[in-house]
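>>> Sequence isn't available, so here's the structure alone:
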C-alpha cells in the first residue's frame, strides 16, 4: 500500500510531535483482515516512525486474548494509548483516526506524553476527580467531520483524568452496524453509559452534567 | 485516500501577566486577517479561538476568493495560519473563552482553563452558528436525520433520499456534496435561489439533484428518525407530505454573540452593530465578519472587515496615547 500520510502532512505531524515529552505506547488490535485493519496498522506505523517516543505494539485479536481482555477491546481495528509507565489511561480508538480525526489522535499522543498545555480549569478537574462510578463514553465520528476531534479529545481528557472513565472514538462508517444500533445519523454523537446522549462538540461541562446523573 | 487535515498545534494561553494591544477573538477569516493587520501595525497581537478556520471548516472547497479559482478549504485555512505564524502571532486555540468584561481601558478575557488575558482592544469575530428552520419536529429530530453539517453527516445517507433546505451558496454546495452519497437530493427553498450563477450551472449538471423553489417546509415528520417533510407550494398554496430520510438545513447563520450580550449594542437580529470603521458601541471593541450587522456572509468580506477593524484599533490606540 502506498504511504497514507502525504509528505507535507507527515512533516506537519512531525513538527507537532516534536513537543512530546514522555514516551507513549500504542497497542493495536487487528486480525489483519477486518475493514480498515490494514490501513489502521499502516497509519500507526507511519505515525510511530515520525517520533521515536512513540512505540507501536501490534496484537492479534484472535490470538492475544489475554491482552484483548486486559484492555477490554470490543472492536477491531482498535487501539489503546498507554502512558510512559505503560498505564492504560482509558484512551481508545476504534477504527482509523484518519481525515480530520488525525487531530484527536495527535491530541491523545500529546496529552499522554505530557506535551500539551493544561486544558481544564481547577474547578473542572475537581468535578472530574469526584466521579466514582464507571463511565463509558463513546464518541461516534466520521472522518470528514471537522467538529468531531474536539469531542473525542474531551472524552479522552476525561478518561485521562479519572481511572473510572473510558473514552472511545468510534469511526461510524467502519462500525456501521453499531452506528445503526445507536441510531447515529449526525456526528459527533456522544453516548455515555449507553444511556445519555449529546450531539456536537460540547464543552466538558456538558459531559460532566451527564456523567453526574449516572 | 483519507484526506488528512492536520490542525495547527494547540496552544493554551499561559501568559496571563502579559498585556496585549489587540486580541482577535475568533479564528475565521475576520479574526485571522484582523490579527495579521494588527501585528503588521506593530501591535502586540494574539488570536484566541477554540479552533481555526471558522465556517470555512464546514465546506470542502472555496471558489470565490480572489486569486484562487478553486482552493481546498483546508488548504486555505493552512495558508492563513502559515501567514500568521510567519509573523510570530500567538494562536491560542486549546481553550474556550467563558467571559469578556471591560474594566477601565482594558478588556479581560476569562478562559476555560482559569487563565485571564488582558488586552487594550478586542476584535469580536466569533462568526455564526447554523440558523434553524424553526419548524415543528426540527429540534426533536436533530441528530436523527436533521443535520446542519453536510460534510460531517453525508456518509450516513448513502443510498438514501435527502432534502436540503436553503437557497444560498451553502445550500447548493451541501446538495452537491450529498449527491455523491445519496440516491436523490431535493433542494427545497421558500423563495428564489440566492446562490451564485456559477454554482447553479454546476448544480444543473448533476443528475440526482432536484430543485423545488417557492416551497416552504412546514414541519419535519418522524418519531425515531426523519421520515418526511410537510411542505407547502407557495404558488398553489397546496400542502403535501414529501418522504425523505434526512433534512440538511443550510439557511445561513445566527451570530455568536453570547459573550457580548450585555457589553454592546445589538440589532433586532442579534447582530453586533458596527459603523463603517468596524467600531461597536463600546470603545475599544471592534467587530468583523458574520457576527456583525453587515448582510453579506462571505470569506473575502469577513477578511476585509478584520483588516479594517485592526486599522481602526491602531488609530484608536494612537489617539489614546496607548
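Yep, that arrived. What you see is a predicted model; the values in this text were computed from it and never measured.
>>> tell me the phi and psi of the residue nearest to the spatial centre of chain B?
The centre of chain B sits closest to residue B:55, judged by C-alpha atoms, centre = their mean, with a distance of 3.5 Å. Backbone torsions of residue B:55, given as degrees, to the nearest 10, read phi -70, psi -10.
>>> Break chain A down into its structural domains.
A:7-98, A:122-211 (automatic domain parsing).
>>> okay, those domains, which one's buried deepest?
Mean neighbour count, computed with mean count of other C-beta atoms under 10 Å in any protein chain shown, is highest for domain A:122-211 among those, reaching a mean of 20. (Glycine included, C-beta is placed from N, CA and C.)
>>> Now do the end-to-end distance for that one.
Counting by C-alpha to C-alpha, to the nearest Å, you get 18 Å between the two ends of domain A:122-211.
>>> how about the helices of the chain, start to end?
No chain was given, so I picked chain A. Using DSSP state H, the helices of chain A run over residues A:7-17, A:37-48, A:65-70, A:102-112, A:122-129, A:148-160, A:176-181, A:204-211.
>>> should've been chain B
B:29-40, B:73-86, B:150-153, B:169-178, B:197-204, B:299-320.
>>> In the longest one, which residues are buried?
By neighbour count with 16 or more other C-beta atoms under 10 Å in any protein chain shown, helix B:299-320 contains the buried residues B:299, B:301-314, B:316-317.
>>> ok, back up a step: which of the helices of chain B sits closest to chain A?
Across these, chain A has its closest neighbour in helix B:150-153 (3.7 Å, C-beta to the nearest C-beta).
>>> Could you list every helix and strand that that closest one packs against?
The contact analysis (3 or more C-beta pairs under 8 Å, 6 or more residues apart in numbering or on different chains; DSSP states H and E) places helix B:150-153 against helix B:169-178, strand B:246-249.
>>> Now render the ones you listed as TSV, adding mean pLDDT.
Shown next, in TSV, are the helices and strands packed on helix B:150-153 (pLDDT from 0 to 100):
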stretch	mean pLDDT
helix B:169-178	96
strand B:246-249	98
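>>> Format the domains of chain A as CSV; extra columns: mean pLDDT.
Shown next, in CSV, are these (pLDDT from 0 to 100):
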stretch, mean pLDDT
domain A:7-98, 96
domain A:122-211, 96
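>>> got these as a markdown table, with distance to chain B columns?
Output for these, formatted as a markdown table (distance: least, C-beta to the nearest C-beta, whole Å):
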| stretch | distance to chain B |
| --- | --- |
| domain A:7-98 | 3 |
| domain A:122-211 | 4 |
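>>> Just put those in a markdown table and tack on distance to residue B:261.
Below are these laid out as a markdown table (distance: least, C-beta to C-beta, whole Å):
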| stretch | distance to residue B:261 |
| --- | --- |
| domain A:7-98 | 36 |
| domain A:122-211 | 18 |
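>>> hmm, back to that, how about the helices of chain A in JSON lines, adding distance to residue B:116?
Below are these laid out as JSON lines (distance: least, C-beta to C-beta, whole Å):
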{"stretch": "helix A:7-17", "distance to residue B:116": "27"}
{"stretch": "helix A:37-48", "distance to residue B:116": "36"}
{"stretch": "helix A:65-70", "distance to residue B:116": "44"}
{"stretch": "helix A:102-112", "distance to residue B:116": "24"}
{"stretch": "helix A:122-129", "distance to residue B:116": "14"}
{"stretch": "helix A:148-160", "distance to residue B:116": "22"}
{"stretch": "helix A:176-181", "distance to residue B:116": "42"}
{"stretch": "helix A:204-211", "distance to residue B:116": "18"}
